[in-house]
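[1] Let's see this in three dimensions:
(one chain, ligands or ions: 2)
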Amino acid sequence: MVGDLAGFVAATYLRGIPFVQAPTTLLGQVDSSVGGKVGVNLKAGKNLVGAFHQPKLVLCDVDALRTLPRREFRSGLAEVIKYGIIYDGELFARLEQDMEALLRGEPKILAEVIARCCEIKAEVVAQDETESGLRAILNFGHSIGHALEAVAGYGKYLHGEAISIGQVKAADLSARVLGLAAGEVQRIQRLFEQAGLPTQLKAGLPLRKKLVQAMKVDKKVSRGEVKFVLAQKIGQVQFGCTVPETMIQEVLSI
Ligand SMILES: NC(=O)c1ccc[n+]([C@@H]2O[C@H](COP(=O)([O-])OP(=O)(O)OC[C@H]3O[C@@H](n4cnc5c(N)ncnc54)[C@H](O)[C@@H]3O)[C@@H](O)[C@H]2O)c1
Ligand SMILES: [Zn+2]
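    Ligands and ions are numbered 1, 2, ... in the order given. Here you go, the predicted structure:
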């Protein structure tokens, strides 16, 4: 939160001054500090005021994570796992091996994994700085995740918890739409569980309706259709996928 606010001030003060990010949360280190998006919320909605402003340096000190509340740490892991699913099957397999060590806070493993995540985000953003195409893959699990955060009222779910459920649901949709193998869907669900994150929703009809409604007002919508990022296999995704509403309803009920 501090990084976004400071970054936004740096982007606008004197029409922009150089700045450095020194994130102290796992989510900050692997996601929000890299890529140049800086913004603040308005009462009317999340991130309605913002800019693109690249930091001169991102300094991730893994020692800072030692005091981070466990729940916040696990929440950051949801973004870490995301990079494996969208871009790097080897990273995903490594996370399956090393999840216990990560949860224990092993500095060497943490540093390597965080560095790889930053590398992936930087590579994706370098190819598409202003989100006209490829950058959309970073939103894997976020259509449902954002809807869940909005409908539950901000504060119930941490972002990582909401997108953990969102990614498991997106994996289920991927199986139905792109033929993602059942074994891979299971591996995805298992890894989020290993990280201690929620993966189930079991939404009744009223909640399902609210979630679909919330997805339609989210910004990833074109001509009234929600666009999903879906996986063909672990490590490779496709953006701009349309999914029938009945199918969305179905996966939300599980
Ligand atoms: N700009 C982007 O590209 C981007 C991407 C993702 C998220 N975000 C934004 O990031 C924000 C969420 O960031 P976050 O998850 O880092 O949460 P946060 O900044 O809200 O921090 C979570 C909590 O941890 C505490 N904390 C932070 N570092 C600590 C440490 N080392 N030890 C102990 N406590 C510590 C904070 O005081 C706070 O209570 C949201 O505002 C979201 O919109 C931006
Ligand atoms: Zn996110």
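[2] and the helix or strand Ala126 falls within, what does it pack onto?
    Taking DSSP states H and E as the criterion, Ala126 maps to helix 107-127. Here helix 107-127 is seen to pack against helix 70-87, helix 89-104 when contacts are counted using 3 or more Cβ pairs under 8 Å, 6 or more residues apart in numbering; DSSP states H and E. C-beta here means a position set from N, CA and C on the backbone, and glycine is covered the same way.
[3] touching ligand 1 at all, the longest one?
    Yes. When contact is scored as Cβ under 6 Å from any ligand atom, part of helix 70-87 falls within range of ligand 1: Glu72.
[4] With stretch 101-108 instead?
    No. Stretch 101-108 is not in contact with ligand 1 by Cβ under 6 Å from any ligand atom; minimum separation 11.8 Å.
[5] Off-centre distance for that stretch?
    Relative to its parent chain, stretch 101-108 has a centroid offset of 21 Å by Cα atoms, centre = their mean, to the nearest Å.
[6] Stretch 172-189 now?
    Shown here is stretch 172-189, whose average C-alpha point lies 18 Å from the average C-alpha point of the whole chain (Cα atoms, centre = their mean).
[7] same deal with stretch 110-127?
    The offset between the C-alpha centroid of stretch 110-127 and the centroid of the whole chain comes to 13 Å, using Cα atoms, centre = their mean.
[8] Is ligand 1 within reach of that stretch?
    No. Figure legend: stretch 110-127 not in contact with ligand 1 (Cβ under 6 Å from any ligand atom); closest approach 8.8 Å.
[9] which secondary element of the chain has the worst mean pLDDT?
    Confidence across the helices and strands of the chain bottoms out at strand 221-222, with a mean of 64, counting by mean pLDDT, DSSP states H and E.
[10] before we move on, the earlier item: single out the most deeply packed of the helices and strands packed on helix 107-127.
    With neighbours defined by mean count of other Cβ atoms under 10 Å, none of the helices and strands packed on helix 107-127 is more surrounded on average than helix 70-87, at a mean of 23.
[11] tell me the angle of that helix relative to helix 89-104?
    Between helix 70-87 and helix 89-104, the angle formed by their directions is 170 degrees, by axes from the mean of the first three to the mean of the last three Cα atoms, to 10 degrees.
[12] show me the contacts for the residue nearest the centre of the chain.
    In the chain, the C-alpha closest to the average C-alpha coordinate belongs to Glu79, at a distance of 4.6 Å (Cα atoms, centre = their mean). The neighbours of Glu79, taking Cβ atoms under 8 Å, 6 or more residues apart in numbering as the test, are Leu26, Leu27, Val30, Asp31, Cys117, Gly160, Ile163.
[13] run the last query once more with 10 Å
    Taking Cβ atoms under 10 Å, 6 or more residues apart in numbering as the criterion, Glu79 is in contact with 26-32, 117, 121, 138, 141, 159-160, 163-164, 167.
[14] Okay, the closest residue to it other than its chain neighbours and ligand 1: tell me how far apart.
    In space, and not counting its chain neighbours, Glu79 is closest to Asp31: 4.7 Å by Cβ to Cβ, 6 or more residues apart in numbering. Relative to ligand 1, Asp31 is positioned 5 Å away (Cβ to the nearest ligand atom, to the nearest Å).
[15] Touching, Asp31 and Tyr83? I think so.
    Yes. Counting by Cβ atoms under 10 Å, Asp31 does reach Tyr83; the two are 9.0 Å apart.
[16] Need the overlap of contacts for those two.
    Each of Cys117, Cys118, Lys121, Leu138 lies in contact with both Asp31 and Tyr83 under the rule Cβ under 10 Å, 6+ apart.
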